[in-house]
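1. sequence plus predicted model, see below.
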Amino acid sequence: MFGIGMPELIVIMVIALIVIGPSKLPDLARALGKGIAEFKKATQEIKESLEIDEEFKEVKEDLVDSVSGIKEALDTPDLDSEESSIKYKNYDQVLEDYEKIKGTEEEAESHQGIESEKEPELAQPEDKEQEKTPDGRG
């Protein structure tokens, strides 16, 4: 422990006993022990948080590799040949590509929705004409 042997520890304790006094020495030792315990606890928490950060980094790398592999396996025809061989370098690139693909799918769905809305409008005038014809007054 810091190159301090038993004789040096005894000398330090005797000096502390003389300087601080026998009444306050136990309180000081108790406070010092609590401080050391809190310091150990704080360093342990920091070590754990660093380990968690490393695990998250590994998970992100695995996810990027998986998404790159899935994209290659699908070989979607609507993507250019350059885009089909993309290897993602980080998680942010994966998210950007996902948002881009999601946006194109939403646009396609909205175009289909507009076309389906137009068809009922065309059917409504025909219904009005059919309402007139049952009377025979067409």
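-> Noted; the coordinates are in hand.

2. show me what the host helix or strand of S66 is packed up against.
-> Element membership of S66, judged by DSSP states H and E, is helix 25-74. If you count contacts as 3 or more CB pairs under 8 Å, 6 or more residues apart in numbering; DSSP states H and E, helix 25-74 packs onto helix 6-20, helix 91-132. Placement of C-beta: from N, CA and C, glycine included.

3. just the angle between the first one and helix 25-74, please?
-> Here helix 6-20 points in a direction 120 degrees away from that of helix 25-74 (axes from the mean of the first three to the mean of the last three CA atoms, to 10 degrees).

4. tabulate the CA atom coordinates of helix 6-20 in PDB.
-> Coordinates of the C-alpha atoms in helix 6-20 are reproduced here as PDB (Å, rounded to 0.1, in the frame of the first residue of the first chain):
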ATOM      1  CA  MET A   6       4.000  -1.300   9.500                       C
ATOM      2  CA  PRO A   7       6.500   1.000  11.300                       C
ATOM      3  CA  GLU A   8       5.500   4.000   9.100                       C
ATOM      4  CA  LEU A   9       1.800   3.400   9.800                       C
ATOM      5  CA  ILE A  10       2.400   3.300  13.500                       C
ATOM      6  CA  VAL A  11       4.200   6.600  13.400                       C
ATOM      7  CA  ILE A  12       1.400   8.200  11.300                       C
ATOM      8  CA  MET A  13      -1.200   6.900  13.800                       C
ATOM      9  CA  VAL A  14       0.700   8.200  16.800                       C
ATOM     10  CA  ILE A  15       1.100  11.700  15.200                       C
ATOM     11  CA  ALA A  16      -2.600  11.700  14.300                       C
ATOM     12  CA  LEU A  17      -3.500  10.800  17.800                       C
ATOM     13  CA  ILE A  18      -1.400  13.600  19.200                       C
ATOM     14  CA  VAL A  19      -2.600  16.300  16.700                       C
ATOM     15  CA  ILE A  20      -6.300  15.400  16.600                       C
END
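
5. cheers, nothing more for now.
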